[in-house]
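Undergrad: Sequence and predicted structure, then a few things I'm wondering about:
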Amino acid sequence: MTMAEECRTASTELYGQAMFELDAGDLSQAYKKLWGASTQVLKSLAELRHRFAFESELHTNLYENWLDESEIRESAVHVRDFVETLAGI
């Protein structure tokens with residue numbers, strides 16, 4: 001599981017816990033868990049942004065042709081993971 005996926009899972013779990021706390025009347029815990037759910041979503045987006053920046057190197061390589069085969073193969077793994085992650089959003 002990627003960091004982005006872990007963050008989204010944590011966000012969903014925290015949101016569920018927040019709703020439980022809210023229904024139980026514990027407003028402080030509900031708010032804390034809502035805050036945590038929000039920050040996990042932001043972490044997930046930051047991870048996706050970082051991964052997108054890595055794939056942007058492939059675009060640069062279209063013009064400059066500086067990546068060797070091993071770097072392109074490594075990029076292929078990152079692109080596959082990136083595509084799968086986005087497909088799950």
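TA: Done, it's in. Numbering: from 1, shown residues only.

Undergrad: tell me how far stretch 27-40 is from the chain's mean position?
TA: Relative to its parent chain, stretch 27-40 has a centroid offset of 19 Å by C-alpha atoms, centre = their mean, to the nearest Å.

Undergrad: Would you mark the buried spots in that stretch?
TA: 30, 33-34, 36-37, 40 (16 or more other C-beta atoms under 10 Å). Heads up, the C-betas are built off the backbone N, CA and C, glycines and all.

Undergrad: Lowest-confidence entry in those?
TA: Lowest pLDDT among the buried residues of stretch 27-40: Gln40, with 90.

Undergrad: Test my guess that that residue contacts Gln17.
TA: No. Contact criterion C-beta atoms under 8 Å: Gln40 and Gln17 do not qualify, at 11.9 Å.

Undergrad: Can you name every helix or strand that the helix or strand encompassing Thr12 contacts?
TA: Following DSSP states H and E, one finds Thr12 within helix 3-24. When contacts are defined as 3 or more C-beta pairs under 8 Å, 6 or more residues apart in numbering; DSSP states H and E, helix 3-24 sits against helix 27-64.

Undergrad: Report the inter-axis angle for the helix it packs on versus helix 3-24.
TA: Going by axes from the mean of the first three to the mean of the last three C-alpha atoms, to 10 degrees, helix 27-64 is angled at 160 degrees with respect to helix 3-24.

Undergrad: what about Val79, distance to Leu86?
TA: Per C-beta to C-beta, to the nearest Å, Val79 is found 11 Å from Leu86.

Undergrad: More neighbours: which of these two?
TA: Counting neighbours by other C-beta atoms under 10 Å for Val79 and for Leu86 shows that Val79 has the greater number, 15 against 12.

Undergrad: doesn't Leu58 make contact with the more buried one?
TA: Yes. Val79 is within contact range of Leu58, at 7.3 Å (criterion: C-beta under 8 Å).

Undergrad: Let me know the outermost residue of this protein.
TA: The C-alpha centroid of the chain is most remote from Gly25, which lies 31.4 Å away (C-alpha atoms, centre = their mean).
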